[in-house]
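**Student:** Attaching a predicted model along with its sequence, questions to come.
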Amino acid sequence: MTRRWDILKAENPKMLPEQEEHLAKAREVEIEALRRLGPGGRWAQAVQLNQMVRELKAVGLRSAHPDWTEEQVEAKVRELILYGGC
């Protein structure tokens with residue numbers, strides 16, 4: 001999680017002190033919220049995020065390939081998730 005915040009800060013080198021303070025506070029709030037969730041809650045969020053990624057990828061594939069069957073779309077989603085390219 002720290003890496004994401006470090007990347008955000010590095011990508012915005014002209015960040016104002018108030019923005020840095022806000023970013024630090026947001027990070028603290030996020031960490032505390034994740035701690036309160038516990039392992040089961042964090043797992044549930046990961047599962048939900050995974051499902052959202054699959055659904056969004058399927059929507060994109062259906063749009064790009066309107067002639068594909070649902071089975072073709074689902075197979076491609078699985079392939080992309082398993083082997084990268086998502």
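**Tutor:** Nice, thanks for sending it over. Residues are numbered from 1 along each chain as shown.
**Student:** And D6, what's its pLDDT?
**Tutor:** What the model reports as pLDDT for D6 is 76.
**Student:** and it, how many neighbours?
**Tutor:** Using other Cβ atoms under 10 Å, D6 has 10 neighbouring residues. Every C-beta, even on glycine, is put in place using the N, C-alpha and C of the backbone.
**Student:** Please apply the same query to A58.
**Tutor:** Around A58 there are 16 other residues, counting by other Cβ under 10 Å.
**Student:** again with V77
**Tutor:** The local packing of V77 (other Cβ under 10 Å) involves 19 other residues.
**Student:** Same check on R35?
**Tutor:** The tally of other residues near R35 (other Cβ under 10 Å) stands at 10.
**Student:** That one and Q45, how far apart?
**Tutor:** 13 Å (Cβ to Cβ, to the nearest Å).
**Student:** how far away is the residue in the chain sticking out farthest from the centre from V73?
**Tutor:** Distance from the centre of the chain peaks at D67, with 28.7 Å (Cα atoms, centre = their mean). Separation of D67 from V73 (Cβ to Cβ) stands at 11 Å.
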